[in-house]
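Student: could you look at this predicted model? Sequence included:
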Amino acid sequence: DAKTTQPPSMDCAEGRAANLPCNHSTISGNEYVYWYRQIHSQGPQYIIHGLKNNETNEMASLIITEDRKSSTLILPHATLRDTAVYYCIAAASGTYKYIFGTGTRLKVLA
Amino acid sequence: SQTIHQWPATLVQPVGSPLSLECTVEGTSNPNLYWYRQAAGRGLQLLFYSVGIGQISSEVPQNLSASRPQDRQFILSSKKLLLSDSGFYLCAWSPQGYGSYEQYFGPGTRLTVT
């Protein structure tokens, strides 16, 4: 599975959009991009995933560049409850192995 | 809806003692099941995964073992704990089949080996 690179930390003002970047320059054609978040002392929570096209659900939007070498997770209106560590994972269809890095620690400021 | 349970929530065990952590999933059949460990300040490390009863794959050689005695039950064990076994243990499940499937995590067990 491709390795992903994320900034270690970011701050975002409450009510503003939080844009979390992820680089996956070695991603292969059958690898999806998944995003999870982990609130302190809890298990990770699935947010969204995509292959080529941009995706949106009730939690977030995922923007994948045309060359698929990077992506951005967008939380449109961040709240204090969005403070968490966000993980970007590249994993092939059917794989059982997720490789979790250290993620981005997002702090939403009041 | 599907739910995943883990117990105990916290555990303090002396070095050399045995370990048994249990995970159960409700509301789905024949799930893939996973055990992860998270050391303090680190990312998650996959320890074991299972695609069916009695089928266990180990990702990291260590003194831990896993078993799946029933379809929706996954157990993590050790005969003798080491200090390095301390961490946050997470169980997860995903739907069976080939495709892009998200994993759903339990609340975790925080293990401290003293």
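Tutor: Nice, thanks for sending it over.

Student: mind giving me the packing neighbours of the helix or strand where A:Arg105 lies?
Tutor: Per DSSP states H and E, A:Arg105 falls inside strand A:104-109. With contacts taken as 3 or more CB pairs under 8 Å, 6 or more residues apart in numbering or on different chains; DSSP states H and E, strand A:104-109 sits against strand A:9-13, strand A:18-23, strand A:84-92. C-beta: built from backbone N, CA, C; applies to glycine.

Student: name the residues of stretch A:8-24 that are buried.
Tutor: A:10, A:12, A:18, A:20, A:22-24 (16 or more other CB atoms under 10 Å in any protein chain shown).

Student: same question for stretch B:73-82.
Tutor: B:74-76, B:78, B:81.

Student: residue numbers of chain A in contact with chain B?
Tutor: A:32, A:34, A:41-46, A:49, A:51, A:87, A:93-94, A:96-103 (CB under 8 Å from any CB of the partner chain).

Student: filter these to the buried ones?
Tutor: A:32, A:34, A:43-44, A:46, A:49, A:87, A:96, A:98-101, A:103.

Student: restricted to strands, list those.
Tutor: A:32, A:34, A:46, A:49, A:87 (DSSP state E).

Student: the fourth one: what's it in contact with?
Tutor: Going by CB atoms under 8 Å, 6 or more residues apart in numbering or on different chains, A:His49 touches A:32-35, A:55, A:62, B:100, B:102.

Student: that one bridge partners, please.
Tutor: A:Tyr34 (DSSP bridges).

Student: farthest pair within the buried residues of stretch A:8-24?
Tutor: For the buried residues of stretch A:8-24, the farthest-apart pair by CB to CB is A:Cys12 and A:His24; their separation is 22.1 Å.

Student: for chain A, see how far away B:Arg42 is.
Tutor: Distance, B:Arg42 to chain A, by CB to the nearest CB, to the nearest Å: 7 Å.

Student: which non-adjacent residue is nearest that residue?
Tutor: A:Thr102 (6.7 Å; CB to CB, 6 or more residues apart in numbering or on different chains).
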